[in-house]
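# Only the shape, not the letters, is given here:
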């Protein structure tokens, strides 16, 4: 695989397990002179990293992006590690929104999203599901209402909750208050692909009384589709 030099390579590192890191991702990181990512993402490439590393945190995000851009200007190949797939609740949106670099100067290496891993675990087709991400407190009244409408219109919803701003419990409470049947089936997949992975089959009413780990995917099944399958 030929890598474009002097570009920021935004690399999807998968949902967490090294088994889900693609060969393309490993090759890209191995060829990078600068590798930036969260510590748990860097740990996935311990044997590939040969250049400079920078640990990415919520507090130093802007500084990390500036360093990446400056490195590219110096002709260095940069790998920016993004959990899951860069295009879904990943770093691609953040990088483009920053305005520091153009899309034409970015090379995206796709990865396995936790949404995909969740669909695989539950053996469900997700091409007709409504997808939502509420990570990093990205919760608006419009998106919440779209979620409720999705369920009421008979579609499944797959979403990434935010443990602080809009947790599974918060989501269940909101949907029940919005008029969604409290018996609506719900699945919560925690720490997908990791050794302590857990899948909980429940209902909105039960989820409203529970807490879950931060790394989770929530699937809400429409009652209409459940009834049709019986």
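Yep, that arrived. Fair warning: this is a prediction, and the values are worked out from it, not measured in the lab. Numbers count the residues shown, from 1 in each chain.
# which stretches of this protein form helices?
Taking DSSP state H as the criterion, the chain contains helices spanning 23-31, 39-43, 61-73, 91-98, 114-122, 141-152, 168-177, 204-207, 223-229.
# domain ranges for the chain?
The domain map for the chain lists 8-112, 115-229, with the assignment taken from automatic domain parsing.
# Now do the longest one: distance to the chain's middle.
Spelled out, it's domain 115-229. Chain-centre distance of domain 115-229: 14 Å, with CA atoms, centre = their mean, to the nearest Å.
# can you check the shortest one too?
For domain 8-112, the separation from the chain centroid amounts to 14 Å (computed by CA atoms, centre = their mean).
# Would you work out how far apart the start and end of that domain are?
19 Å (CA to CA, to the nearest Å).
# Equivalent analysis for stretch 127-138, please.
Criterion CA to CA; first-to-last residue distance in stretch 127-138 is 23 Å.
# What residues sit buried inside that stretch?
129, 130, 132, 133, 134, 135 (16 or more other CB atoms under 10 Å). In this view, the C-beta of every residue, glycine as well, is placed from N, C-alpha and C.
# Same check on stretch 204-219?
Within stretch 204-219, the residues that qualify as buried by neighbour count (16+ other CB under 10 Å) are 204, 207, 208, 212, 215, 216, 217, 218, 219.
# and residue 87, what is it in contact with?
Listed by CB atoms under 8 Å, 6 or more residues apart in numbering, the contact partners of residue 87 are 93, 108, 110.
# Go again with 7 Å.
For residue 87, the residues meeting the contact criterion (CB atoms under 7 Å, 6 or more residues apart in numbering) are residue 108.
# Give the bridge partners for the residue lying closest to residue 216 once chain neighbours are set aside, please.
Residue nearest to residue 216 in three dimensions, not counting chain neighbours: residue 190, with 4.5 Å by CB to CB, 6 or more residues apart in numbering. On the basis of DSSP bridges, residue 190 is bridged to residue 198, residue 216.
# I figured residue 190 was touching residue 214, is that so?
No. When contacts are counted by CB atoms under 7 Å, residue 190 is not listed as touching residue 214 (8.8 Å).
# Give me the below-cutoff pLDDT ranges for this structure.
In the predicted model, the chain carries pLDDT under 70 at residues 1-6, 137, 223-230.
# ok, residue 201 - how many residues close by?
Burial of residue 201 is recorded as 11 neighbouring residues (other CB atoms under 10 Å).
# Quickly note the distance from it to residue 42.
According to CB to CB, to the nearest Å, residue 201 stands 34 Å off from residue 42.
# And for residue 124?
Distance of residue 124 to residue 42, computed by CB to CB: 32 Å.
# Among those two, which residue is more densely surrounded?
residue 42 (19 against 14).
# what bridges to the nearest residue to residue 37 once chain neighbours are set aside?
Once its chain neighbours are removed from consideration, residue 37 has its nearest residue in residue 81; the separation is 2.8 Å (CB to CB, 6+ apart). When bridges are called by DSSP bridges, residue 81 pairs up with residue 11.
# winner for burial among the domains of the chain?
Neighbour counts averaged per stretch over the domains of the chain are highest for domain 8-112, at a mean of 18; criterion: mean count of other CB atoms under 10 Å.
# related to what we said a few turns ago, closest to residue 166 out of the buried residues of stretch 204-219?
Residue 166 has its nearest neighbour among the buried residues of stretch 204-219 in residue 218, at 10.1 Å by CB to CB.
# pretty sure the closest one contacts residue 169?
No. Using CB under 7 Å, residue 218 is not in contact with residue 169; the gap is 10.4 Å.
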